[in-house]
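# 3D, please:
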Amino acid sequence: MKTIKYLFSLCLVVATVLSCVDDEKNVNLSDVQAPTALELRFDVTQDNTGLVTLTPTAEGAISFDITLGDDTPEALEVENGANAQHTYEEGVYTVTATAYGITGLSTTLSQELVVSFQAPENLVVTVENDAAISKQVNVTVEADYAITFDVYSGESGNNDPVSANIGDTAAVQYNEAGIYDITIEVKGAAIETTTYVQEDFEVTEILAPTTPAPTPPNRQADDVVSIFSNAYTNVTLDELPTTWSAGGFAATTIGTDDVWKLTQLDFLGMVSNYANGIDLSQMETMHIDYWVPDNVTSELLVKIVNTVDGGEDIESLGTTVAGSWQSVEIDMTEFDTGGDLTNREKITQIIIDYDQVPAGVASIVYVDNFYFYKQPANSMAQVITFEGGLEFSSFEGGDIGVVANPDTNGNTSSSVARMIKGAGTNYAGSKITLASPFDFSSSSTVSLKIWSPRVGLNLLMKFEDDALWPNTTGSAEITTTTTVANQWETLTFDHSGISSSVDWYNMVLIMDNGTSGDGSANYTIYLDDISTSPVLDFEPEYSDLTSFEGGDLSVVANPDTNGNTSGSVAKMVKGSGANYAGSKITVPAPFNINSATVTVKVWSPRVGLNLLMKFEDDALWPNTTGSAEITATTTVANQWETLTFNHSGISDSVDWYNMVLIMDNGTSGDGSANYTIYLDDITIN
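Residues are numbered from 1 along each chain as shown. All right, here's what the predicted structure looks like:
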């Protein structure tokens, strides 16, 4: 009967999903997980009858089975949101609750139930402040002959108890910090209860963050102006704080992270320099992280001032949110409209202001990662490097976390992601969540470095928005296969057609989808440098394209959009010149290679065509400095594929302004279709 019931539930879900709008065709029940956070609450009447009310709860459950632990042969079926009652004789029982999800996946929990008509005794009570939640007190109780306990906070106006099972934790939230007498009433099945009073307990308010602020992403030096952050090189401030600031200032640390601690804040002023100021004219976004305690409830603002050319503007960070780090970003164009700022080229003063009505000050404000930035013009707009600042989760037996790079041969990153497929379901996997959506504005191709224990390992990638299941929107599932074992290689995933109207916050990864893992080394891979944007996409013509000795390079309309939806691509022809005829791409700012791999989409007329790539500085020949020449070979004809060029060991002390490309080096071309290729989405990983 149980099988029939859950088969019907699954059919109902599938029918419901299939009735949705046509443009949402990605139905993937592999995202469904077994119920989580399963709890079983006992409530017993204090009348010596042994009547117990059993209330199961779980996230993602539609029903429960409760095995009573006595001689009752059948489990009780309880719908979600309901409870069951049962009368027990005196004794000790193991009660088991099984929660069922919409697909029949289940989670099980067993708890001990002691039914005794004696009053509880031998109490062991623990009362302590929560380490992370301000003004929360956690109470646990162990006792003989007891089932539940009620906690009365002792705070005026709050007469409702917080209840929990023996052995569980009752979390009591206070409105105000202070000294309280906390009363705990411990109950069993007996009429008589036992009371414990924790006198003069001090409820504390957390007045400082317990963890560092999120780590900012890697950015090029030209793309950020940092006022204060460990992640970047900060500008020099002539005054911090200024003599006219109102409030206390201290430089301190949270863990190993440097932060500013502002006390009794009215406003904090800082001066870059009064001669020329700092140039924020090219920056697109202001970023700041702040943390405030519960008693700071008004508005924080940032003002920038140009005392050279005149003018200022102030923008709000919004009403403060207490108890956790808040990351706020403001479009820099907002500073151009609200005040009388002449320009953002000579910002001499920056002020952090607290605005409270009626007038008042902020008791404590912590500040970190205060900087201005722009999206890079000639490097990837988004690279996931696993050096910090990411959120990871897994499902159905998957596991993911950041570890030290186990193999720096071919990838010099110090930190990488380790992904394991354990002995769960055959769709066990992991998820990477970003604070801002993945950027597909430049390209729909995603590349990543992977270290696999075997050839032929399949890695599935899809993207999801941040809605909770079952309201999640997902992209198409793209699978790519490893070609080498026990070394780093770069895989590419073509997400052509991915919707630009969805904010894709989550990347879902599944190893060998459809095959169960075992948690061994055979199901352990390492990932790094996930990139969602190319360096050169030729949309429209990119920088300076030149050729030499019979080569030719130009931007043309894409001749084959099957497998590459770009409108424009580079056309490269080898004419009847020298056998080393080739082409060069010159950029206004140096390529950021840093011992990395470079991937290129190539359309070749034949299998076995060799494409040589090297980098050069901007010195004139014969004083040119060049990198090693790396050659990759096409494996398909008349279709797009991605070639990888491993530039490990390339010098990071040279400014590489030029990318040199030579087709079939050592063989003379003839300018025909046989010596004509197309290039796109050149990406540094």
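
# can you classify Leu527 by secondary structure?
strand (DSSP: H, G, I helix; E, B strand; the rest coil).

# neighbours around it, how many?
Residues lying near Leu527 (other CB atoms under 10 Å) number 22. All C-beta spots, glycine's among them, are computed from the backbone N, C-alpha and C.

# residues touching it, list them.
Phe386, Val416, Ala417, Met419, Leu448, Lys449, Ile450, Trp451, Leu509 (CB atoms under 8 Å, 6 or more residues apart in numbering).

# okay if I get those residues as CSV plus secondary structure?
CSV is the format used below for the contacts of Leu527 (three-state DSSP):
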residue, secondary structure
Phe386, coil
Val416, strand
Ala417, strand
Met419, strand
Leu448, strand
Lys449, strand
Ile450, strand
Trp451, strand
Leu509, strand
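
# from those, which would you call buried?
The neighbour count (16 or more other CB atoms under 10 Å) marks Phe386, Val416, Ala417, Met419, Leu448, Lys449, Ile450, Trp451, Leu509 as buried among these.

# quick one: the fourth one and Tyr274, what's the gap?
Right, Met419. 52 Å (CB to CB, to the nearest Å).

# got it, and Tyr354?
25 Å.

# outline the domain layout of the chain.
2-115, 121-203, 221-373, 383-531, 544-684 (automatic domain parsing).

# mean pLDDT for the ones you listed: which is lowest?
Ranked by mean pLDDT, the domains of the chain bottom out at domain 2-115, which scores a mean of 77.

# do you have the helices of the chain handy? List them.
2-18 (DSSP state H).

# packing partners of the strand ranked longest in the chain?
Ranked by residue count and defined by DSSP state E, the top strand of the chain is strand 257-271. Identification of packing neighbours for strand 257-271 by 3 or more CB pairs under 8 Å, 6 or more residues apart in numbering; DSSP states H and E yields strand 224-228, strand 246-254, strand 349-355, strand 362-373.

# if you set the cut-off to 6 Å instead, what comes out?
In terms of contacts (3 or more CB pairs under 6 Å, 6 or more residues apart in numbering; DSSP states H and E), strand 257-271 is packed against strand 246-254, strand 349-355, strand 362-373.

# next up, the contacts around the closest residue to Asp664 other than its chain neighbours.
Leaving aside its chain neighbours, Asp664 sits nearest to Asn610 (5.3 Å; criterion: CB to CB, 6 or more residues apart in numbering). Contacts here follow CB atoms under 6 Å, 6 or more residues apart in numbering; on that basis Asn610 touches Thr631, Thr633, Asp664.

# tell me how far Asn610 lies from Phe645.
Distance from Asn610 to Phe645, by CB to CB: 12 Å.

# so which residues of the stretch 301-450 of the chain form strands?
Assigned strands in the stretch 301-450 of the chain, in chain order: 312-319, 326-331, 349-355, 362-373, 383-384, 391-395, 398-404, 415-421, 429-433, 445-451 (criterion: DSSP state E, counting those that start in this stretch).

# put the alpha carbons of the third one into PDB.
Translated: strand 349-355. Provided in PDB are the C-alpha atoms of strand 349-355 (Å, rounded to 0.1, in the frame of the first residue of the first chain):
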ATOM      1  CA  GLN A 349      37.300  63.000   1.200                       C
ATOM      2  CA  ILE A 350      35.200  59.900   1.900                       C
ATOM      3  CA  ILE A 351      32.800  59.900   4.900                       C
ATOM      4  CA  ILE A 352      30.900  57.000   6.500                       C
ATOM      5  CA  ASP A 353      27.800  58.500   8.100                       C
ATOM      6  CA  TYR A 354      25.200  57.200  10.500                       C
ATOM      7  CA  ASP A 355      21.800  58.800  10.100                       C
END
